[in-house]
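> Sequence first, then the predicted structure:
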Amino acid sequence: MNPVLEIEHLSFQYRENIILQDISFNVSKGEFVTVIGPNGCGKTTLINIISKINRPGKGRIRLYGRDINPMLRRKMARQVAIVMQTTDPVAMTVEDYVLLGRLPFFKKYQFFENRHDIDIAKKYMEMTGVIKLAKSKIHEISGGERQLASIARALAQEPSLLVMDEPTSHLDITRQARILELIRRLRQELSLTVLMVLHDLNLAGEYSDRLVLLNKENGRIFKAGTPEEVLTEQSILDVYHTRVMVLPNPVSNKPLIFLASQDAMDSK
Amino acid sequence: MKNKKIKKWALMLSGLVTLLMAVGVLALCTGSAGIELKTIPGILLNGKGTADYSILIGIRLPRIILGMSIGGALSLAGTLLQGMFRNPLVEPYTLGISGGASLGVCINILFRFYSVIGIIAYPLSGFSGASLVIFLVYSLNRGPQHIRSNRMLLTGVMISYVASSLVMLLMAISKTDDLQNIVLWIMGSLDEPNTVLIRIAFFGSLAGLIISYFFCFDLNALMLGEEEAANLGFNTTRTKKILFITASFLTGLSVAVAGIIMFVGLIVPHFMRMVTGPDHRILLASSFLAGAIFLTLCDIIARVIISPLELPVGVITGIIGGVMFIWALSRKQVTL
């Protein structure tokens, strides 16, 4: 199957610091790939390169086989939606905010959103559970609700590739599950491809098809593969310098990471 | 939802247009000649050649048109800048654009460019000064990828200080005649006898409004930040460049024709945002109209408050604008 996203030998340097080095991996259609790694390992930089905010020093990214560098932003926005880590508080209503996701599809002299745009915005507001906040202002709702609204906005772009930077960071456990379940459902219904950055290793292991673990020390990929292959006690010790226990989740059989005090780990 | 929005916006715009016409009529019958409202239609229709007719058509009407154009232009420039910087405290003055424009016009007065290339030298020098500042602010803040908004604002404030110091320097070394010219012009007045300048102001401000409308969706997306706007498919660098030029054109024009008129670009967009919401599709036009209303109203006050003498309109906008802004700050969180 042709990959949706191909990342080839990507390197990025900020002044003297090497952030990413020789990063290569593919994301296939309908796949859910999560990039994990310690703070400052370049996860967000990777997202910024994919969204053309930062330019890579070396390497390139292809979307459906085409180099994204010369690609028009508007054309890209019809295929890729990006949910950033934080959403700034603005005074517009949630409804108008979600409708902004339809802008890449506006025709040249279109001035008002049409019925179709409004229906799509409503559909995703319902799916993300922010429909009851439709008339509330973005700057008056909570950080978690704002995050949901920004996911609804990204989905209103009806992308084939959804790129998300820490989408669950401001959410409680109910909403974390809601978002990840929603994404799982959308993958099945729309064969949506998802590339995500997550801090929470257990959530990453539970929901992703594949994980890409970045190593902060050299900016390279430490390991890439299924959650079972990547989330091992040894790889976490090597990359995070922390001893953990990894046991299979009794329900899903996916790896679950347990953190205990280092004394308790010694006595074990 | 869409129809409701269209209805709401149409209502707002027609309300503002009605208010603008009402203020225009009020301005037409305000003045020392004491022309009453009910006599105006008669004078306009049959009174050609009379003194009242020439007061209305030759003096008051051009002043009203100028006031509306300048008010609209300044308010629109403020709306554009506030939208791009995502900062409600930004306006042509805080960014140094009007400082640059006034320096340009001062140089024009001192070196008498107007006697070489004619009256067009005023708006041209204003626009040149304004563009120079924008270029300076822009190039001093060029990051590897993005223009850094906060640093840019600070640079603008500093350039504004430098420009006003240079204006003072020019005043200090100028001859008495020139000094008087500069002082009168800096105080800000809509008493402009030259119809060419009035026409330039009128069509220039309308052109600014039309250009801005090509970027109303870009401005809406920019509210979320440059990166988010780029993710929604907008070329933010190009948009910012064009809108900066538009804002400096509007400011340069206003400063050249009417001198320094404070706060219109700050206060009007701020209040209109409270009324219409932040959507630039309605905000651009309503700010333009409200700016026109506000400045015409301020000019009426400036003309009657110490009648038969006249106050510079900048004094009135400064006082009303400042007080209203402090009041707004104290009652509501300032946000875009």
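Ah, there it is.
> so what pLDDT did the residue of chain B found nearest chain A get?
Using C-beta to the nearest C-beta, B:Gly233 is the residue of chain B that sits closest to chain A, at 3.2 Å. Any C-beta I mention is one placed from the backbone N, CA and C, and that applies to glycine too. B:Gly233 is assigned 94 on the pLDDT scale.
> got it, and B:Trp9?
Confidence score, pLDDT, at B:Trp9: 95.
> And for A:Ala121?
On the pLDDT scale, A:Ala121 gets 96.
> Find the helix or strand that it is a member of.
Assessed by DSSP states H and E, A:Ala121 sits inside helix A:115-128.
> If you count neighbours, what's buried in that helix?
Within helix A:115-128, the residues scored as buried using 16 or more other C-beta atoms under 10 Å in any protein chain shown are A:117-118, A:120-125, A:127-128.
> That helix vs chain B: in contact?
Yes - counting by C-beta under 8 Å from any C-beta of the partner chain, chain B has neighbours in helix A:115-128: A:115, A:118.
> name the helices or strands packed onto that helix?
helix A:94-99, helix A:143-156, helix A:173-190 (3 or more C-beta pairs under 8 Å, 6 or more residues apart in numbering or on different chains; DSSP states H and E).
> So which bits of the stretch 51-200 of chain A are right by chain B?
Contacts of the stretch 51-200 of chain A with chain B, taken as C-beta under 8 Å from any C-beta, map to A:51-55, A:72-78, A:81-82, A:84, A:87-93, A:95-96, A:100-101, A:103-104, A:106, A:111-115, A:118, A:139, A:157.
> Go again with 6 Å.
Within the stretch 51-200 of chain A, the positions near chain B by C-beta under 6 Å from any C-beta of the partner chain are A:51, A:53, A:73-74, A:77, A:82, A:88, A:90-92, A:103-104, A:112, A:118, A:139.
> In helices, which of those residues appear?
Under the assignment DSSP state H, those contribute A:73-74, A:77, A:118 to helices.
> before we move on, back to that, nearest to chain B among the buried residues of helix A:115-128?
Closest to chain B, out of all of the buried residues of helix A:115-128 and judged by C-beta to the nearest C-beta, is A:Ile118, at 5.7 Å.
> what pLDDT does the closest one get?
95.
> Please report phi then psi for A:Tyr14.
When quoted as degrees, to the nearest 10, the phi and psi of A:Tyr14 stand at phi -110, psi 110.
> if I look at it, how far off is chain B?
Distance, A:Tyr14 to chain B, using C-beta to the nearest C-beta, to the nearest Å: 10 Å.
> ok, now A:Glu206?
Counting by C-beta to the nearest C-beta, the gap from A:Glu206 to chain B is 27 Å.
> Next, the contact list for that residue, please.
Residues in contact with A:Glu206 (C-beta atoms under 6 Å, 6 or more residues apart in numbering or on different chains) are A:Lys254.
> Tell me the spacing between it and B:Ala172.
Distance, A:Glu206 to B:Ala172, by C-beta to C-beta, to the nearest Å: 74 Å.
> just A:Leu259 next, same as before
Note on A:Leu259: its distance to B:Ala172, by C-beta to C-beta, is 72 Å.
> same question, B:Leu80
34 Å.
> Compare those two and say which is more crowded by neighbours.
Between B:Leu80 and B:Ala172, counted using other C-beta atoms under 10 Å in any protein chain shown, the more crowded position is B:Leu80 (29 against 8).
> Determine the number of other residues adjacent to residue 105.
By default, I'm working from chain A. Neighbour count of A:Phe105, defined by other C-beta under 10 Å: 19.
> my bad, the chain I had in mind was chain B
Neighbour count of B:Val105, defined by other C-beta under 10 Å: 32.
> One more: A:Val35?
25.
> That one belongs to a strand?
Yes - with DSSP: H, G, I helix; E, B strand; the rest coil as the criterion, A:Val35 is located in a strand.
> if I pick B:Ser287, what's in contact with it?
The neighbours of B:Ser287, taking C-beta under 6 Å, 6+ apart as the test, are B:75, B:79, B:268-269, B:272.
> Highest neighbour count among the residues you listed?
B:Ser75 (34 neighbours).
> For that one, which non-adjacent residue is closest in space?
Closest residue to B:Ser75 apart from its sequence neighbours, by C-beta to C-beta, 6 or more residues apart in numbering or on different chains: B:Gly291 at 2.5 Å.
> And for A:Met84?
Distance criterion C-beta to C-beta, 6+ apart; nearest residue to A:Met84, sequence neighbours excluded, is A:Asp165 at 5.6 Å.
> Can you tell me how far the one you found is from A:Leu198?
For A:Asp165 relative to A:Leu198 (C-beta to C-beta), the value is 9 Å.
> Then A:Phe258?
With distances taken as C-beta to C-beta, A:Phe258 is found 18 Å from A:Leu198.
> Same question for B:Glu36.
B:Glu36 is 75 Å from A:Leu198, by C-beta to C-beta.
> what about these two, which has more around it?
Each of B:Glu36 and A:Leu198 has its neighbours counted (other C-beta under 10 Å); A:Leu198 has more, 24 against 8.
> Mind listing what's buried along the helix or strand encompassing A:Gly59?
Taking DSSP H and E as the criterion, A:Gly59 maps to strand A:58-63. Neighbour-count burial for strand A:58-63 flags A:59, A:61-63 (criterion: 16+ other C-beta under 10 Å).
> Parallel or antiparallel, list what pairs with whichever helix or strand comes after it.
Next helix or strand after strand A:58-63 toward the C-terminus (DSSP H and E): strand A:66-67. Its sheet considered, strand A:66-67 pairs with strand A:58-63 (antiparallel) by DSSP bridges.
> residues in contact with the strand it pairs with?
Contact with strand A:58-63 is made by A:6-11, A:67-68, as judged by C-beta under 6 Å, 6+ apart.
> And for stretch B:236-246?
Residues from elsewhere that reach stretch B:236-246 (C-beta under 6 Å, 6+ apart): B:80, B:84, B:134, B:208, B:211, B:215, B:218, B:226, B:229-230.
> need the helices for the stretch 201-336 of chain B, in chain order.
With DSSP state H, counting those that start in this stretch applied, the stretch 201-336 of chain B shows helices at B:216-222, B:226-231, B:236-258, B:264-276, B:280-304, B:313-331, listed in chain order.
> list the buried ones in the last one?
This points to helix B:313-331. Using 16+ other C-beta under 10 Å as the test for burial, helix B:313-331 gives B:313-318, B:320-321, B:324-325.
> same deal with the fourth one?
If you call a residue buried by 16+ other C-beta under 10 Å, then helix B:264-276 has these buried ones: B:264-273, B:276.
> Quick check: of these, which lies closest to A:Glu189?
B:Thr276 (37.9 Å; C-beta to C-beta).
> Is it correct that that closest one is in contact with B:Ala285?
No - using C-beta atoms under 6 Å, B:Thr276 is not in contact with B:Ala285, being 9.2 Å away.
> what residues are up against A:Ile173?
Listed by C-beta under 6 Å, 6+ apart, the contact set of A:Ile173 is empty.
> Could you do B:Gly208 as well?
B:Gly208 touches B:76, B:246, B:250, counting by C-beta under 6 Å, 6+ apart.
> Also B:Tyr93?
If you count contacts by C-beta under 6 Å, 6+ apart, B:Tyr93 has none.
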